[in-house]
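J.: my questions concern the predicted model and sequence given below.
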Amino acid sequence: MRRGRGAKKSFAYFLNSYIELLQKKKNEVASELAIHKTKLSQLLFDHRDPSEEIFIR
């Protein structure tokens, strides 16, 4: 489902875009953020809200 031009983009959208643009592996990103790959997956699929610590990293 596509979102309209005025639709809000989620943290998951921007995190997925970041990973895709930099052509990084998800395990590499999880390691850089010092989180488990399961938590990264939950963030990527919008199943978990990012903590303040994630925003700082």
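T.: Good, I have the coordinates. Being a predicted model, the structure only gives us computed values, none of them experimental.

J.: which helix in this structure runs the most residues?
T.: In the chain, assigned by DSSP state H, the helix with the most residues is helix 11-22.

J.: got the CA positions of the lowest-mean-pLDDT helix or strand in the chain in CSV?
T.: Every helix and strand of the chain was ranked by mean pLDDT, DSSP states H and E. The lowest is helix 52-56, at a mean of 85. What follows is helix 52-56, C-alpha atoms only, in CSV (Å, rounded to 0.1, in the frame of the first residue of the first chain):
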residue,chain,number,x,y,z
GLU,A,52,15.5,7.6,22.8
GLU,A,53,18.9,5.8,22.8
ILE,A,54,18.3,4.7,19.3
PHE,A,55,17.7,8.2,18.1
ILE,A,56,20.9,9.4,19.8
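
J.: contact partners for Leu43?
T.: Leu43 sits next to Phe11, Ala12, Leu15, Pro50, Ile54 when contact means CB atoms under 8 Å, 6 or more residues apart in numbering. All C-beta atoms are positioned from the backbone trio N, CA, C, and that covers glycine.

J.: what pLDDT does the most centrally placed residue in the chain get?
T.: By CA atoms, centre = their mean, the mean C-alpha position of the chain lies nearest to Leu15, the distance being 3.1 Å. Per-residue confidence (pLDDT) for Leu15: 94.
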